[in-house]
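S.K.: The following comprises the amino acid sequence and a computationally predicted model.
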Amino acid sequence: NMLRLLIDTLPDFIYVKDTESRFIIANKAVAQFMGAGKPENLQAKTDSSFYPHEMAEKFRADEEKVITTGKPLIGREEYCVSLQGRKAWLLSTKMPLRDTDGKVTGVVGISHDITRQKMLKISLLEANNKLAATLEQLHNTQKEAIRNERLSALGQMANGIAHDFNNALVPIMGFSDLLINNPELLEDKKAALAMIKDINTASKDAAHSVRRLREFYMPSEELEHKSIDVKELIDSTVALTRPRWKEEMEANGATIRITTDISGVSTVSGNESQLREMLTNLLFNSVDAMASGGTISIRVFAINQDAVIEISDSGKGMPDEALKRCFDPFFSTKGTRGSGLGLSLVHGVVRRHGGKISIASEPGKGTKVTVILPVSAPKALKAKAQEQPPEVKQSIASSLRILVIDDEFVTRDFLERTLKFDGHEIVAVESGADGIE
């Protein structure tokens, strides 16, 4: 009576079977789940009377293993479906039942219902999978938005640089047309040489404009850290963004003046392309905040072993709510004119350089961005730089036989003429196949 009271009170499935997997003892929980009603209705019966055939055979195989080996099966998860349609996940332990001589005479089983925990686990796994998919989608969206932000900045600069490029083409096309249509001008060698020098200078200016664009949007695989001249970095960024803050703003009736003050710092360690992108974004933010014009001040100075770059503007400033969220991705105070990723990109660049960034701003009083960067490279980058093999300089023979391959006739003709002028023997072809032949 004590044993029966105990096993019937427990919510777990408790049962004893003989060596043929027939029930000897079972509690109420087992009988009710299997559809037998009362425990006595299970006696001398097997699982095949209450479970689908495949499931009953699996249970029988487990019990035969316990009886044959004398070793228990502990903590096995089992999914059960009775013939009445009841379903449950069980955590089952099956122990060998021995007589006084140690002979195995049956199996004692205890199964704990873990359906609720299992369902929660499955739900959690599904939720995690959905979250992972959402995060992946967000990551892809953010990558695309960052790409669009960069292309937008690139487009703004390209629009202004196209103007500079067209200006450079004027002397190139003008003087070359003049010399072609008036060959008698070539007789005045001094005047002709002056025109050719102007053409050469204009060509270099055009190449410089293109190079500035490439420096801004250099592919990530080309990025490397090195010692960077601070003044040159800031001057080139100011020149690169000039079409936006000067020509475009003046066309809209506003004037923006940029001042620089660099003292105590000559170089910083970092990636020139990324730092230029950082400065470009900060300058564009200041320009956007000064629709009626104003002043942007760039100040660089040293604190301990760090370089401090301060960019201040006399724009409209930001309220506290915007200031607290300004680094959040996709947060923008520009409405449809901004993606909300400019400062997020800047924050990422500063973090990758081991630096710090802070912003101070008040409505009507402008904004000051402070960026702190290390002057010297981190040890890991120094070690990597030291691993680079020394550059080997080789002398060139006075006369070589050189193969020139280029599909553009003008380029091929120029290279052939230049190299021949240096005393080399040239074979020029227009394709790789011709080159191999």
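M.R.: Yes, it's here. Since this is a predicted model, take the numbers as computed values, not measurements.

S.K.: what's downstream of the worst-scoring helix or strand of the chain on mean pLDDT, the next helix or strand?
M.R.: The weakest-scoring helix or strand in the chain, judged by mean pLDDT, DSSP states H and E, is helix 379-387 (a mean of 48). Using DSSP states H and E, the helix or strand that follows helix 379-387 in sequence is strand 401-405.

S.K.: Pull up the pairing partners for that following strand, direction included.
M.R.: Strand pairing for strand 401-405, using DSSP bridges, gives strand 425-429 (parallel).

S.K.: Quick check: buried residues in the strand it pairs with?
M.R.: By neighbour count on 16 or more other C-beta atoms under 10 Å, the buried set for strand 425-429 is 426, 428, 429. Using the backbone N, CA and C atoms, a C-beta is placed for each residue, glycine as well.

S.K.: and what of stretch 403-410?
M.R.: Residues of stretch 403-410 classed as buried by neighbour count (16+ other C-beta under 10 Å): 404, 405, 406.

S.K.: Pretty sure residue 427 is one of the things the first one touches, is it not?
M.R.: What that stands for is residue 404. Yes: between residue 404 and residue 427 there is a contact under C-beta atoms under 8 Å: 7.1 Å.

S.K.: about what we covered before: can you tell me which one of the buried residues of stretch 403-410 sits lowest on pLDDT?
M.R.: Note: of the buried residues of stretch 403-410, the lowest pLDDT belongs to residue 406, at 92.

S.K.: now that residue, nearest residue through space, not along the chain?
M.R.: The spatially closest residue to residue 406, leaving aside those adjacent along the chain, is residue 412, at 4.3 Å (C-beta to C-beta, 6 or more residues apart in numbering).

S.K.: Now for the one you found, how many residues are close by?
M.R.: Number of residues near residue 412 (other C-beta atoms under 10 Å) recorded here: 17.

S.K.: check contacts around it.
M.R.: The neighbours of residue 412, taking C-beta atoms under 8 Å, 6 or more residues apart in numbering as the test, are 404, 405, 406, 428, 430.

S.K.: Now for the closest residue in space to the second one that isn't next to it in sequence, how many residues are close by?
M.R.: What that stands for is residue 405. Spatially, and ignoring its direct neighbours in sequence, residue 405 is nearest to residue 435 (4.3 Å; C-beta to C-beta, 6+ apart). Neighbour count for residue 435, taken as other C-beta under 10 Å: 14.

S.K.: what about residue 435, which helix or strand?
M.R.: In this structure, residue 435 sits in helix 432-436 according to DSSP H and E.

S.K.: how about the strands in the chain?
M.R.: Applying DSSP state E to the chain gives strands spanning 13-18, 23-26, 73-81, 87-98, 104-113, 226-229, 256-262, 267-270, 294-303, 306-313, 356-361, 367-374, 401-405, 425-429.

S.K.: related to what we said a few turns ago, let me know the pLDDT of the residue nearest to residue 405.
M.R.: With respect to pLDDT, residue 435 scores 95.
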